[in-house]
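J.: Provide a 3D model corresponding to the input given below.
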Amino acid sequence: MPIDPQAARLMAMLGASRPTDWPSVSAVERRAGFAALMRMAGAPPALPSVRPVAVAGAEGPLEARLYAPSRDPGPGLVYFHGGGFVAGDLDTHDALCRSLALGAGCRVVSVAYRLAPEHPFPAAVDDAEAATADVIARAAAFDIDPARVAVGGDSAGGTLATLAAGALGPRLALQLLLCPVLDAAPATASRRSFARGHLLDAAMMARDLADYAPGAPDPADPRLSPLHRPGLAAMPRALIHTAEFDPLRDEGALYAERLAAAGVAVEHRCHPGMIHHFYGLTGLVPAARAALGAIAAGLGAALAGSDAPGRPGAGAAL
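T.: Reported below is the predicted structural model:
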């Protein structure tokens, strides 16, 4: 189907004001631009309880935020925000985490991992693995059922979520990946087709990668590119959501195929007409609201156990 008209209008508006020389854009400017976009995305939904907490990082405590849709204990989601490993924070993803908590009926622990370029690769990966393990170990402190802990993230946060899932395996109920970055080598058709003018420009991603992993490390390093990770059989069930007009679309689909081939229960949905980060732009792209609602509902059903994963490797399309 054609691109959603509101999404197209947003991209046209952003295209008129975005930098044309990404190599010269500093991390401070990148963060400010992303924060400004998210302030345009609308007011966050109300939630009974939102409070600051601390979780363990690889080199010390990390700030985090606990979202609780009710006072009752229940399942939990450890969440890592997107932003190219350079931008994004607890505030840019506040509305999204509130929506996931409400729609899924689960507690969400949003983690402020260390950002590049101040803390280059693999600092964020190490933080994600340590934070996820800490939430599992201290689940009772967050009123989370330790048998129903998921890990999730969007874009760069999706990289971190699936790496944490690989490190912790059967201790996690599932992984939720929203438009994840899974390959540092831009070789897919969607990376080429949507390299410019689709919110996530190739030049922007190249600059983020240079900040995140300086020195041109091997792009096939599985901690940099989870698509190349060997031995996926021990991974937890995966819920993967991609967008039709996103440069990252194809690597998300390929990862779903690889997980299914390894015998992992995986559900993949490519949202028609949507662009990268649609789930965080519901105030600007009305059609994205229903998509985010479906994402949250699917997460809630999976954590409640009411949506059976089916036979391993079924790779069902949502």
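J.: tell me what the helix or strand where residue 99 lies is packed against?
T.: Using DSSP states H and E, residue 99 falls within helix 94-104. Packing partners of helix 94-104 (3 or more Cβ pairs under 8 Å, 6 or more residues apart in numbering; DSSP states H and E): strand 60-68, strand 74-80, strand 107-111, helix 287-304. (C-beta placed from N, C-alpha, C; glycine too.)
J.: any regions of the stretch 51-200 of the chain where pLDDT drops low?
T.: With pLDDT under 70 as the threshold, the stretch 51-200 of the chain has no low-confidence stretch at all.
J.: ok, the closest residue to residue 192 other than its chain neighbours - how many residues close by?
T.: Spatial nearest neighbour of residue 192, excluding adjacent residues (Cβ to Cβ, 6 or more residues apart in numbering): residue 186 at 7.6 Å. Neighbour count for residue 186, taken as other Cβ atoms under 10 Å: 17.
J.: who are the contact partners of residue 186?
T.: 192, 195, 202, 205, 247 (Cβ atoms under 8 Å, 6 or more residues apart in numbering).
J.: any idea how far it is from residue 48?
T.: Residue 186 sits 42 Å away from residue 48, going by Cβ to Cβ, to the nearest Å.
J.: one more: residue 129?
T.: Residue 129 sits 30 Å away from residue 48 when distances are taken as Cβ to Cβ.
J.: what about the two, which has more around it?
T.: residue 129 (22 against 11).
J.: show me what the helix or strand harbouring that one is packed up against.
T.: Following DSSP H and E, one finds residue 129 within helix 123-137. Secondary-structure packing of helix 123-137 (3+ Cβ pairs under 8 Å, 6+ apart): strand 49-57, strand 60-68, strand 74-80, strand 107-111, strand 144-154, helix 156-168.
J.: list the contacts of residue 206.
T.: By Cβ under 8 Å, 6+ apart, the neighbours of residue 206 are 22, 23.
J.: can you redo the helices and strands packed on helix 94-104 as CSV with distance to residue 28 and mean neighbour count?
T.: Below are those laid out as CSV (distance: least, Cβ to Cβ, whole Å; neighbours: other Cβ atoms under 10 Å):
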stretch, distance to residue 28, mean neighbour count
strand 60-68, 19, 19
strand 74-80, 21, 27
strand 107-111, 22, 28
helix 287-304, 28, 19
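J.: so which of those is nearest residue 172?
T.: Across the helices and strands packed on helix 94-104, residue 172 has its closest neighbour in strand 74-80 (8.7 Å, Cβ to Cβ).
J.: which residue packs closest to residue 220, ignoring adjacent ones?
T.: Spatial nearest neighbour of residue 220, chain neighbours left out: residue 228 (4.8 Å); criterion: Cβ to Cβ, 6+ apart.
J.: tell me the pLDDT at that neighbour?
T.: What the model reports for residue 228 is a pLDDT of 94.
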